[in-house]
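>>> Here is my input; please provide its structure:
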Amino acid sequence: MPRHRTAHRVTAVLVVVAGAGLLAGCAGQEQSGTPAQRVSTWVASTGGSGIGNVEVDSRNVDQALAHHNAPAAIREVCDLLSNDAQSAIGDLPAPDDTLTNQLNAAYVDATSAGDDCYNGASGDTALLARSAAERVRLASLLATAVQHIESVTGHTPTTNTTQPQGNGDPFGGGT
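This next block holds a predicted model:
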């Protein structure tokens, strides 16, 4: 795929984030209650699974590269990382500005990591190295966002990609 793919994705990401900010006034349940309740509702509805999808995708890229998978298989997991990051950007804004900014940075980084990986899958070591560095930074950015969720809610969020069981608690027994 041509290098212009990255520029188009970054432009799309910026447009989505700007649009999400305009639509913040139209948000649902996550806009009522205490800050902890708003963040908890957002995590339960879409935010947690978005974080989880990007985390899993990033690890899958690492696995595909470590196992020296064929370029087509590597491109597939790299493309999934970019696509899931863009989908997660669509879940923003979170009901907390700091969390929104942290996750936006992580998801933009994930999009770049996926694109660099995709474009380097045939053996471009410079692009693969840049993607690896972006994925390391991504893990740190996501960890910071999860820590922020914990500080706001007092609970460890579940970032599983499936809906929580039982009473729908997004923190699934966290402390």
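>>> Tabulate the CA atom coordinates of stretch 53-62 in CSV.
Taking Å, rounded to 0.1, in the frame of the first residue of the first chain, the C-alpha atoms of stretch 53-62 are listed here in CSV:
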residue,chain,number,x,y,z
ASN,A,53,-8.9,-4.2,21.3
VAL,A,54,-5.9,-1.9,20.7
GLU,A,55,-3.9,-3.7,23.5
VAL,A,56,-4.6,-7.1,22.0
ASP,A,57,-3.9,-6.0,18.4
SER,A,58,-0.5,-4.5,19.4
ARG,A,59,0.5,-7.8,21.1
ASN,A,60,-0.7,-9.7,18.0
VAL,A,61,1.6,-7.6,15.8
ASP,A,62,4.5,-8.4,18.2
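>>> buried stuff in that stretch?
Judged by neighbour count using 16 or more other C-beta atoms under 10 Å, the buried positions of stretch 53-62 are 53, 54, 55, 56, 57, 58, 61, 62. Glycine gets a C-beta too; all of them are placed from N, C-alpha and C.
>>> just curious, which of those is nearest to residue 123?
residue 61 (15.5 Å; C-beta to C-beta).
>>> quick one: contacts for the closest one?
Residue 61 sits next to 74, 77, 78, 81, 113, 114, 117, 131, 135 when contact means C-beta atoms under 8 Å, 6 or more residues apart in numbering.
>>> so for whichever strand or helix holds the fourth one, what's the average pLDDT?
The reference is to residue 81. For residue 81, the host element (DSSP states H and E) is helix 71-89. The pLDDT scores in helix 71-89 average 97.
>>> Packing partners of that helix?
Contact partners of helix 71-89 among helices and strands, from 3 or more C-beta pairs under 8 Å, 6 or more residues apart in numbering; DSSP states H and E: helix 4-23, helix 48-66, helix 97-120.
>>> who's in contact with it?
9, 12-13, 16-17, 20, 50-51, 53-54, 57-58, 60-61, 63-65, 103-104, 107-108, 110-111, 113-115, 117-118, 121-123, 131.
>>> Which PyMOL command selects the buried ones in those?
A single PyMOL command selects the buried members of the contacts of helix 71-89 (16+ other C-beta under 10 Å):
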select buried, resi 9+13+16+17+20+50+51+53+54+57+58+61+64+65+103+104+107+108+110+111+113+114+115+117+118+121+131
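>>> Check which element follows the helix or strand bottoming out on mean pLDDT in the chain along the chain.
Least confident helix or strand, the chain: helix 4-23 with a mean of 52, by mean pLDDT, DSSP states H and E. Going down the chain from helix 4-23, the next helix or strand is helix 35-42, by DSSP H and E.
>>> What residues of that next one count as buried?
In helix 35-42, counting by 16+ other C-beta under 10 Å, buried: 38, 39, 40, 41, 42.
>>> which among the buried residues of stretch 53-62 gets closest to residue 151?
residue 55 (19.2 Å).
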